Each structure stands twice: as structure tokens, then as C-alpha cells.
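Asker: Sequence and predicted structure are below.
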Amino acid sequence: ALSLALASVMVMGLMVVGSGASYVDVSSENNVEAIEVLQKVGVMTGDENGKFNPDANVTRNEMAVIMSNMLDYKVSNYAGTAPFTDVPSWAEPYVAACYTHGIISGYDAKTFGGSDSVTAAQAALMMMKALGYFQYQSDFGESWELATIRKANQIDLYNNVGAAALDAMTRNEVAQLALNALEATVVDAVGEPNKVITPDGTTVVVGAVEYYELEKSGNKYTTIFEGNSDNGKYTVQLGEELYDGDLEKREGTDEFNRPAAVWSYQSREVGKYADTAKYTYTAAVSNKTLANDIGKTALESDYSWSVSVDGEYKSVAKPDKNASGDWYQTGNGVLTQVFVDNKTKSVAVVLVNTYVAEVTKVVEDDGEYTLTLKPYAPQGGSNPAAGDRTFDTDVAGFEKEDIVVYTAAQNEIQSVAKAETVSGDVTSVKIGKNASLDGTQYNYSKMITENLDDNTSTDPSLNDGYEFYLDTYGYMIAFKG
């Protein structure tokens, strides 16, 4: 079992972001933060077609490449030294390097099984051996898998990793596991087990092994990752040890003023990645609902309070559960996210509106696309990206005259997606509220735009044929007769 263990040992809908952000096949549903950070430091990269292939399973050979890249092994020095007979030539130096350093071993003395998919338990064991855990066979007890899963959960190695322990790992999941390992604390062992042969010939392992977290001393490491210990000292994370200050993670905000992790590598920003909101809404939220969700303690104590709309801070009163009506500018198609941090005693409410534009020009350059957009103002409102605007993306498929939906902040377009289009005859209209096409009702977005044909009609006409354009949440945001 030990031999087997050591052997095996990245809510904005389909919005896309700018060209420097990711791969053509990576969406917000993937572990984008992990994928982009690992891309930047060269641990996991995409193929020659600009794809990351997030749903592809990772083989044991490929896992050896990932571990070698992470640990910066000079694999050419190990070429030809792997003891296995079933490793292809391209993978052999990587497998050999990991084998030499005790990260992996084979199913048996000659078989590595590199074409098999790596499981979550197996991949986690590799990462934890890189962190310093499981240096002795006695660490595993009666089951290496149970020991691995238990320790991985204790150090949060499986955070945001969806695979079960025995499931094959996808590239998306391995990326997250690797980032979690970079943020985990490095350990060293105290004590060493000894084998004792009893008079009846039985081998008994005696002596306990304890692992302790390494702490920063002097100026060897900078405090670039989170890692305060209870006694006020800082521990050493794997990413700090491996990159010696070149890889940094700071607490900050993104363009919409959401609390975010801000990553940089060699003093260049990798990206800003919003924290997970405690509460998320995509329709109108009443004062009562929002107040009850946030809670009395956060609303009435010394918690700080901030509200942002499309990246601009607003002076807004806190929700009152006794007040009637919807709170502030929430509404259909408005992404409202609430971030409650009990540690810092803060509440941040962020509203992100969706707007409509038409693509007037598409320029392609070596797989990168520059879109020129003509924004439309919502009914009775203004537009944060008024006038023609350009947006860079590596996502193909946009064409001139496409109707798209977008978000904007800091006077820049932040994300773009094709609007979903439905066609038919209007069978009912509730002025200012909703309209039906062939019997299917579509509620209006808060940012609904007037008729794209004449910019005067505020509702479609009954019994006429129309195209309805939907935002990423399914609300009708524009129409054309």
C-alpha cells in the first residue's frame, strides 16, 4: 500500500475577461485563480492552441511533470535513472527526478503505471511529501489513503477541490490542489521511528514522529502569504520557500471593490481574484431579507460598512428590516454580493450591473481579439462605458453586429459575453415589467435597453415579431422588432 501511495504520489455566468487573464477554454466556472497563478510561475501551462483543457484527467506521468516544475528539479540531471520499464522517454526525466527525491515510486520495482489517472488521494500525497509530511512508513498506519485524506483535510489541501479521494483528478482540480499546497505551511520532522525485532521474530516500530511548522527567522522569508500563527510568529509557506519572495499574495480589492486576493510574480501583477461572497443575489432584494441575512451583529455593532456600484463607492444607509421595499439599487439582473468578514469586522456590499452593446469591429492578431463595442444606455439611465470602447479577449467567436452584454468598472469594460437571443411573436406585455414570446414570459432586467431599432419604444408591441436579448441571468435586457 505504501508503494502504491508513493507511486501515485482554476457567479458571472459565461462572461469572459480580458486577453491577459486566462486560456480560451477557461471560464469563471473553473479554478481561474489557481490556473492563472500556476501558469505565471510555469508549473502548469496550456497547449499550443491556447487551451488549458481544464476537464482533462491528469496521468501519473503528467503529475510527475507538474511536481518537477513546482519543485524546480533540473530534470536533465536525472535522465536515464528511473528504474521503471514502462515510462515513455518524454516523461522519464521527470519521473526519475520525483523518484529520486521520494515524491513518487512505482507499483512495483519495474512498473510505474504512468498512463493511469492520478487520484485525489495520490496527488495530495505528492503535495504533502513536498511540504515535508509522510517521511516514514509508520506515518501511514494501517491505511495510506485514510492517513493522506485525514492530513490533507487538516491542512485545507482539499479546499475548493471537488474530486473525491479515489476519483481521477482533472487539470482544473490539480491546479487548485497545487495552489493550496503553495499556500500551505512547510513542516519538518522531530524524532525517528525505529524497528525492533522481538524474540519471536516480529518487527515492531517504536518511537513517535512529530511534524512541526517551520517559522520565519530573520530576513530569509518575507511575509508575502497569509500565515500568522497563534503566538504572533509567521510560518513559512511552500510558495515562499520555492520562490523566495518572487511570488506574492496580498489582500486587496478588485475593480468592483470586492475583497480580493491580489497575486503578483516578479513584481508584475498576475490578477485580482474576488473572495467568495457570503450572500449573492441576482434579483431585487428587500430591506428585510438583506438585513436578516447580514445579521444584527454586523449591522448594529462596530462593523465597518461599504457599498460599491460598478466599482464606485456610494454613501448608502444600511438595510433596515422594518423598512418596506427593495434595498437601494438591487434588481433583476443586478449581481449583488455581500462580503462579511467577522475577523476584520467589516461588511462590503458590491453591486454589478449588466449592460448591452453591439460589436462594430473585430480585429484578430495571433489568437487575440480586439472588440470594438457600441454601448447602449439603459432606459432612463446612463452608461458607464459611453461611446465606442474596445475590449481585448482571447475568446474566439465574436462577430460584427453581435449583441453582447458586458460589465464595467473604473471606466473600463471588465467582461463581455454574447447575449442569448430568443425569437417569436409577443403574446403578452406587462408595461415596464415583462413580456412573453410565444407564451414564454421574460421578466425585464433592471438595466433594460430601449428597442435597438429605434431607441424609443420602452416595451415591445403586442402580436408583433421580436428578438429578445437576455442577460447572463435570463432577464430580458434588450429587444429588436
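Answerer: Nice, I can see it.

Asker: C-alpha from now on. contacts and neighbour counts both.
Answerer: Fine.

Asker: quick check, distance from stretch 361-381 to the centre of its chain.
Answerer: For stretch 361-381, the gap between its own C-alpha mean and the chain's C-alpha mean amounts to 25 Å (CA atoms, centre = their mean, to the nearest Å).

Asker: Flag every buried residue along that stretch.
Answerer: Buried residues in stretch 361-381, defined by neighbour count with 16 or more other CA atoms under 10 Å: 361-362, 368-379.

Asker: Looking at those residues, which are in strands?
Answerer: When those are checked against strands using DSSP state E, the ones located there are 361, 362, 368, 369, 370, 371, 372, 373, 374, 375, 376.

Asker: what's the spacing between residue 435 and residue 468?
Answerer: 9 Å (CA to CA, to the nearest Å).

Asker: which one of the buried residues of stretch 361-381 is nearest residue 264?
Answerer: In terms of CA to CA, no member of the buried residues of stretch 361-381 lies closer to residue 264 than residue 368, at 22.8 Å.

Asker: The closest one reaches residue 394, doesn't it?
Answerer: Yes. Assessed by CA atoms under 8 Å, residue 368 is found in contact with residue 394 at 4.6 Å.

Asker: what stretches of this protein score poorly on pLDDT?
Answerer: Where the chain drops to pLDDT under 70, the residues are 1-21, 192-208, 217-233, 386-388.

Asker: Can you show me the helices along it?
Answerer: For the chain, helices defined by DSSP state H occupy the ranges 2-7, 32-41, 60-71, 92-100, 120-131, 144-154, 171-182, 238-243, 287-294, 296-300.

Asker: by contact count, what packs against the second one?
Answerer: Read that as helix 32-41. Contact partners of helix 32-41 among helices and strands, from 3 or more CA pairs under 8 Å, 6 or more residues apart in numbering; DSSP states H and E: helix 171-182, strand 259-265, strand 268-274.

Asker: what sits up against the first one?
Answerer: Read that as helix 171-182. Contacting residues not belonging to helix 171-182 are listed as 10, 30-31, 34-35, 37-38, 44, 52-58, 123-124, 127-128, 131, 156-163, 237-240 [CA atoms under 8 Å, 6 or more residues apart in numbering].

Asker: In it, which residues are buried?
Answerer: Of the residues in helix 171-182, 171, 172, 173, 174, 175, 176, 177, 178, 179, 180, 181, 182 count as buried by neighbour count, 16+ other CA under 10 Å.

Asker: Same check on the last one?
Answerer: Within strand 268-274, the residues scored as buried using 16+ other CA under 10 Å are 270, 271, 272, 273, 274.

Asker: Name the nearest residue to residue 110, sequence neighbours excluded.
Answerer: Taking CA to CA, 6 or more residues apart in numbering as the measure, residue 110 lies nearest to residue 84, with 4.2 Å between them; neighbours along the chain are not counted.

Asker: Residue 66 versus the one you found, what's the distance?
Answerer: 19 Å.

Asker: that older thread, dump the buried residues of stretch 361-381 into JSON lines; add distance to residue 472 as well.
Answerer: Supplementary listing: the buried residues of stretch 361-381 in JSON lines, determined by distance: CA to CA, whole Å:
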{"residue": "361", "distance to residue 472": "22"}
{"residue": "362", "distance to residue 472": "22"}
{"residue": "368", "distance to residue 472": "23"}
{"residue": "369", "distance to residue 472": "21"}
{"residue": "370", "distance to residue 472": "22"}
{"residue": "371", "distance to residue 472": "19"}
{"residue": "372", "distance to residue 472": "20"}
{"residue": "373", "distance to residue 472": "18"}
{"residue": "374", "distance to residue 472": "19"}
{"residue": "375", "distance to residue 472": "17"}
{"residue": "376", "distance to residue 472": "17"}
{"residue": "377", "distance to residue 472": "18"}
{"residue": "378", "distance to residue 472": "16"}
{"residue": "379", "distance to residue 472": "19"}
